[in-house]
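> Fold the following for me, if possible:
(one chain, ligands or ions: 2)
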Amino acid sequence: MVTAKKRIGIVGARGHTGAELIKLVAAHPSLELAYVSSRELDGQRVYEQVPEYQGDLRYSSPAHEDLPALDADVVVLALPNGKASVCVGAFDKAGKDPVIVDLSADYRFDNGWHYGLPELTRNKWRGERRISNPGCYATAIQLSVAPLKDVLAAPPVCFGVSGYSGAGTTPSDKNNPEKLRDNLMPYSLTGHMHEKEASRHLGVPVEFMPHVAPHFRGLTVTTNLYLSRPHKREDMLALFRHAYAGEKLVRVVDEAPWVSLVAGKHYAEVGGFAMSADGKRVVIVATLDNLLKGAATQAMQNINRAIGVDEYASIPL
Ligand SMILES: NC(=O)C1=CN([C@@H]2O[C@H](COP(=O)(O)OP(=O)(O)OC[C@H]3O[C@@H](n4cnc5c(N)ncnc54)[C@H](OP(=O)(O)O)[C@@H]3O)[C@@H](O)[C@H]2O)C=CC1
Ligand SMILES: CC(=O)N[C@@H](CCC(=O)OP(=O)(O)O)C(=O)O
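Residues are numbered from 1 along each chain as shown. Ligands and ions are numbered 1, 2, ... in the order given. Model prediction:
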């Protein structure tokens with residue numbers, strides 16, 4: 001029996017994350033694009049922007065209130081922060097209940113939405129059709145801290161460096177290659193959204209200091225953790241290997257991982273595990289591609305679970 005493909009709409013598809021999602025959908029055995037929206041690219045053929053997509057679809061620019069009538073089974077919101085609720089409200093008003101995955105930060109603190117970081121929250125999913133996709137740095141922070149939550153002696157301190165695609169396509173200092181050349185740009189050094197997000201979902205406070213660097217994609221989070229009792233390095237490695245055993249998109253590695261090697265890859269790497277002499281301090285390094293495991297790939301894991309197919313469908317492993 002041939003099962004019909006589910007139809008997926010991407011709202012805000014001109015952005016970096018939207019383009020990565022189009023590639024994943026193009027390779028998906030159970031999904032087909034229903035629409036991809038962009039005001040700027042309205043009318044242009046999708047394959048001219050994303051050659052991996054070979055169909056005839058063009059970008060369109062429907063009003064938010066017209067989205068429900070387009071009848072997608074799955075809707076991904078890839079809009080800047082603060083824009084999702086208008087779309088969500090339109091589906092509510094129309095009495096339509098597609099699977100909605102929001103890439104922005106808008107629903108990451110909403111208990112009515114599932115927070116989809118599968119390696120850490122998959123067991124909490126109760127069939128919710130509204131899924132909030134985690135932030136890129138917040139993913140790396142949580143993967144680094146979660147296995148040690150019960151042995152922390154102080155809030156972990158996380159030093160983050162992201163490529164400038166993390167700052168989206170709206171022009172700013174943080175995605176201006178001229179201003180970034182030979183530079184490392186610190187910003188939001190206390191109170192960044194991902195500090196709050198990671199603290200909330202870990203259930204322990206973390207402190208986070210982000211920076212943006214001249215490379216395009218991929219991020220590094222280097223975390224200093226004080227421990228309530230001494231650990232040996234081999235026990236630390238064993239703890240992480242156990243925590244992520246069987247996970248296809250989280251690799252525990254011995255050495256501190258390099259961002260240049262994870263750019264374009266769908267998995268995160270966690271490694272380093274440098275111990276202080278007394279064994280009560282460890283430094284852990286996590287890297288991931290902010291557009292993939294930090295956004296589109298994680299969204300695809302969440303979509304796959306919500307439509308009842310293999311969590312890794314269409315994700316190159
Ligand atoms: N970049 C990253 O590394 C990550 C991003 N995210 C989140 O994913 C979402 C998308 O990010 P990204 O792809 O980088 O964003 P971009 O800034 O690159 O793209 C945003 C998209 O939204 C559309 N858009 C912009 N302004 C508006 C507006 N006022 N009203 C309606 N549509 C608008 C744009 O299309 P057009 O203007 O043509 O309509 C574009 O398609 C954001 O919420 C971001 O925070 C999450 C994790 C990582
Ligand atoms: C370099 C850079 O600017 N990065 C973004 C994080 C991208 C991301 O994950 O954003 P959301 O939480 O909005 O989804 C930032 O710090 O805001």
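> next one: phi and psi at Val50?
Per-residue torsions, Val50: phi -130, psi 90 (degrees, to the nearest 10).
> show me what contacts it?
Val50 is in contact with 19, 22-23, 26, counting by C-beta atoms under 8 Å, 6 or more residues apart in numbering. For glycine as for every other residue, the C-beta is placed from the backbone atoms N, C-alpha and C.
> swap in Tyr187?
By C-beta under 8 Å, 6+ apart, the residues touching Tyr187 are 174, 210-212.
> Check Val282 too.
Counted by C-beta under 8 Å, 6+ apart, Val282 has contacts 148, 225, 227, 231, 236, 273-276.
> end-to-end on stretch 236-254?
With C-alpha to C-alpha, to the nearest Å as the measure, stretch 236-254 spans 11 Å from end to end.
> Over to stretch 303-317?
Note: stretch 303-317 ends 17 Å apart using C-alpha to C-alpha.
> for the record, mean pLDDT for it?
On average, the pLDDT along stretch 303-317 is 97.
> Please spell out which residues along that stretch are buried.
Of all the residues in stretch 303-317, those buried under the rule 16 or more other C-beta atoms under 10 Å are 303-307, 309, 312-315.
> now swap in stretch 166-181 and tell me
166-168, 174-175, 180.
> With stretch 187-207 instead?
Those would be 192-199, 201-202, 204, 206-207, for stretch 187-207 by 16+ other C-beta under 10 Å.
> what domains does the record give for the protein?
Using automatic domain parsing, the domain ranges for the chain come out as 6-134+295-307, 136-290.
> Low-confidence regions, the protein specifically.
Where the chain drops to pLDDT under 70, the residues are 1-2.
> Next to ligand 1 in this structure, residues from it, please.
12-18, 38-41, 78-81, 83, 103-104, 135-136, 165-166, 168-170, 290-291, 294-295 (C-beta under 6 Å from any ligand atom).
> Buried among these? Need that as a selection in PyMOL.
Buried residues within the residues of the chain next to ligand 1, by 16+ other C-beta under 10 Å, are selected in PyMOL with:
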select buried, resi 12+13+14+15+16+17+18+38+41+78+79+83+103+104+135+136+165+166+168+290+291+294+295
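> Inside helices: which ones of the residues of the chain next to ligand 1?
16-18, 136 (DSSP state H).
> near ligand 2 too, which of the residues you listed?
Here is what survives when these are matched to ligand 2 using C-beta under 6 Å from any ligand atom: Cys136.
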